[in-house]
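Colleague: Task: produce atomic coordinates for the following.
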Amino acid sequence: VTVTPSLNGSNYLAWSRSMRRALGAKNKLAFIDGSMPVPDFDDLNRRAWERCNHLIHSWIINSVSDPIAQTL
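Modeller: Sure, this is the predicted structure:
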């Protein structure tokens, strides 16, 4: 997903609103709001959950400034 403007530290409110909309449009908001539980290691859904989780992490890292991304 593309979120503009990128998070730079002073624009969290606007960035957060845009990121939540983008994640909602992709049906992935539950991964960040706590409503999607992490499946157990032996659960057949665990690999799919991990794949989605990594995807969301990459979207977030790519939507923040470099100094912030280095801390994630």
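Colleague: what sits against Arg46?
Modeller: Pro39, Asp40 (CB atoms under 8 Å, 6 or more residues apart in numbering). For every residue, glycine as well, the C-beta is placed using N, CA and C.
Colleague: quick one: it and Asn11, what's the gap?
Modeller: Distance of Arg46 to Asn11, computed by CB to CB, to the nearest Å: 35 Å.
Colleague: same question, Ala25
Modeller: With CB to CB as the criterion, Ala25 and Asn11 are 20 Å apart.
Colleague: With Thr71 instead?
Modeller: According to CB to CB, Thr71 stands 17 Å off from Asn11.
Colleague: Same check on Glu50?
Modeller: Per CB to CB, Glu50 is found 30 Å from Asn11.
Colleague: What of Asp40?
Modeller: In terms of CB to CB, Asp40 sits 38 Å off from Asn11.
Colleague: Pick out whichever of those two has more residues nearby.
Modeller: Asn11 (13 against 9; other CB atoms under 10 Å).
Colleague: report the longest helix in this structure, please.
Modeller: In the chain, with assignment by DSSP state H, the single longest helix is helix 46-61.
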